[in-house]
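Enquirer: Pasted the sequence and its predicted model underneath.
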Amino acid sequence: MQNAADAHLSAHGDDAEMFALAPVSLWLEDYSGLKQLFATWRHAGVPDLRAYLLDESVTELAFELESRPNLAFVPLQGLAALLAT
């Protein structure tokens, strides 16, 4: 009787074996939604992405400070990253 890991390897072939044998964690990330997001911003006429993201981060920070102050660190981290560039 196959265990779950063996069944997964059988179903997904050699690529899945790479994940089972890797000595470190491997993550699969799907960034396909980013293309649509950039297209949405382009269609909306966003001329300066950095300025747009700064404005959105400040707006989000104000919202979090007002309604959920314990989550204000999320937009603060985004602002810090944008300002560091």
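Expert: Here it is on my side, so go on.

Enquirer: Kindly list the single helix or strand of the chain that scores lowest on mean pLDDT.
Expert: Across the helices and strands of the chain, mean confidence by mean pLDDT, DSSP states H and E is lowest for helix 4-21: a mean of 62.

Enquirer: next helix or strand past that helix?
Expert: In the C-terminal direction, the helix or strand that comes right after helix 4-21 (DSSP states H and E) is helix 32-43.

Enquirer: Let me see the mean pLDDT of the helix or strand following that following helix.
Expert: Downstream of helix 32-43, the next assigned helix or strand under DSSP H and E is helix 49-67. Mean pLDDT, taken over the full extent of helix 49-67, equals 93.

Enquirer: got the CA coordinates for the next helix or strand along the chain from helix 49-67 in CSV?
Expert: Along the chain past helix 49-67, the next helix or strand (assigned with DSSP H and E) turns out to be helix 73-84. Included here for helix 73-84 are C-alpha records, laid out as CSV according to Å, rounded to 0.1, in the frame of the first residue of the first chain:
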residue,chain,number,x,y,z
PHE,A,73,2.7,47.5,10.8
VAL,A,74,1.7,46.0,7.4
PRO,A,75,1.4,49.3,5.5
LEU,A,76,4.3,50.7,7.5
GLN,A,77,6.5,48.0,6.2
GLY,A,78,5.4,48.8,2.6
LEU,A,79,6.1,52.4,3.1
ALA,A,80,9.5,51.7,4.6
ALA,A,81,10.3,49.5,1.6
LEU,A,82,9.2,52.1,-0.9
LEU,A,83,11.0,54.9,0.9
ALA,A,84,14.2,52.8,1.0
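
Enquirer: Which strands or helices does helix 73-84 pack on?
Expert: If contacts are counted by 3 or more Cβ pairs under 8 Å, 6 or more residues apart in numbering; DSSP states H and E, helix 73-84 sits against helix 49-67. In this view, the C-beta of every residue, glycine as well, is placed from N, C-alpha and C.

Enquirer: This structure - how does it break down into domains?
Expert: With domains defined by automatic domain parsing, the chain comprises 1-29, 31-85.
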